[in-house]
Each structure stands twice: as structure tokens, then as C-alpha cells.
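Novice: Structure for the following, please:
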Amino acid sequence: MTDFDERLKKAIDRGHRTRQAEGAAAGEKQATEEDLRNLHSKLRIAVSEHIEACLKKLCDHFPGFEYSTVMSSEGWGAKISRDDINIIQRRSSNLYSRLEMLVKPFTETHILEISTKGTIRNKEALNRSQYRFLNEANESELIEIVDNLVVSFA
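Specialist: Got it, this is the predicted structure:
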């Protein structure tokens with residue numbers, strides 16, 4: 001075999017190894033993406049169930065609030081709302097209070113986002129978004145975040 005033939009064979013082998021390595025890396029990346037999607041779903045279910053439980057408890061302690069589950073393109077969670085009438089010197093006005101907490105859908109940024117919007121007597125009290133990278137998020141920390149947000153609204 002000539003020197004050229006040996007170099008050509010080595011180059012071809014090197015190309016095969018590179019292609020195999022790239023294929024393996026792409027397969028791992030796809031598996032990782034699917035793993036992150038599954039993790040997001042698991043955390044989303046746990047956190048949204050906790051949100052629902054917390055807001056139902058809040059309704060039990062504050063009469064007049066109406067509870068509803070939210071499942072939309074914006075996320076999963078729950079909201080409570082209440083309309084009050086304020087009568088001062090023969091004039092009446094409507095006062096609106098609400099709290100909405102959602103877990104946003106999976107995105108390419110690989111984060112879990114909890115969005116909170118709260119209004120008390122027509123004044124915005126809360127408008128927060130909490131983010132955690134999926135590979136760093138744990139269920140107990142997210143549940144604690146939800147607890148703190150509900151307590152701060154109450």
C-alpha cells in the first residue's frame with residue numbers, strides 16, 4: 001500500500017468516527033430534551049395541584065371568593081376572584097379582588113415559570129414571575145415559593 005492509500009484510509013476512518021460521535025451527541029441531546037420535557041410535566045403537575053389546594057384554602061378563609069381552575073395556552077393553575085360593593089355617602093363603587101397563579105408551558109429555555117397576578121380592591125398587589133432552571137428545580141422549593149406568594153396576597 002502506498003503512502004497516499006494509507007493516508008486516505010486514515011482520513012476515511014476519521015470521518016466515520018466523527019460522524020458516529022456527532023450522531024451519538026445528537027441522540028443524547030434529543031434524549032436530554034425529552035427528559036427535560038418530562039421533568040417539566042412532573043413539576044408542573046405537582047406545583048399546579050399545590051396551587052389549587054392553596055387557593056381553595058384561601059377561599060375557605062375569605063368568604064365571597066370564587067375559585068376556578070385554569071388550563072389554557074398561558075399555563076395551568078388556578079384563580080380566585082371576588083367583587084365587592086363599596087357604599088360611601090350614597091355613592092357605590094365596585095371593588096375587584098383576584099389572585100391568579102399559573103405554571104407556564106414548557107419552552108426551549110428549559111425553565112419552569114410560576115406567574116402570579118394579584119389585585120386587592122382594584123389595586124395591583126402582586127405581579128411576579130418566579131423562574132427555576134429545570135435541571136436545578138426541585139419540587140419542595142417550588143411549593144415553598146407558592147406558599148409564600150399565597151401568604152403575601154392574604
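
Novice: Against which helices or strands is the helix ranked longest in the chain packed?
Specialist: If you go by DSSP state H, the chain has its longest helix at helix 3-61. Secondary-structure packing of helix 3-61 (3 or more CB pairs under 8 Å, 6 or more residues apart in numbering; DSSP states H and E): strand 66-72, strand 75-88, strand 91-103, strand 111-120, helix 139-153. The way it works is simple: take the backbone N, C-alpha and C, and place the C-beta from them, glycine included.

Novice: Report the inter-axis angle for the shortest one versus strand 75-88.
Specialist: In other words, strand 66-72. Interaxial angle of strand 66-72 relative to strand 75-88 (axes from the mean of the first three to the mean of the last three CA atoms, to 10 degrees): 140 degrees.

Novice: hmm, back to that, looking at the helices and strands packed on helix 3-61, which is nearest to Arg7?
Specialist: Relative to Arg7, the nearest member of the helices and strands packed on helix 3-61 by CB to CB is strand 111-120, separated by 48.6 Å.

Novice: Bridged to Glu81, which residues?
Specialist: Just to correct that, residue 81 is Ser rather than Glu. In this entry, Ser81 is beta-bridged to Glu66, Arg98, by DSSP bridges.

Novice: ok, now how distant is it from Ile12?
Specialist: Using CB to CB, to the nearest Å, Ser81 is found at 69 Å from Ile12.

Novice: And those two? Which one has more around it.
Specialist: Using other CB atoms under 10 Å as the criterion, Ser81 and Ile12 rank with Ser81 on top: 15 against 10.

Novice: quick one: average confidence on the longest helix of the chain?
Specialist: For helix 3-61, mean pLDDT rounds to 78.

Novice: Next, the angle strand 111-120 makes with it.
Specialist: Using the same axes, to 10 degrees, the inter-axis angle of helix 3-61 relative to strand 111-120 is 20 degrees.

Novice: In three-state terms, label Glu108 for me.
Specialist: coil (DSSP: H, G, I helix; E, B strand; the rest coil).

Novice: So what's the residue count around Met101?
Specialist: Per other CB under 10 Å, the neighbour tally for Met101 reads 31.

Novice: so it sits right up against His50, yeah?
Specialist: No - with contact defined as CB atoms under 8 Å, Met101 does not count as touching His50 (9.6 Å).
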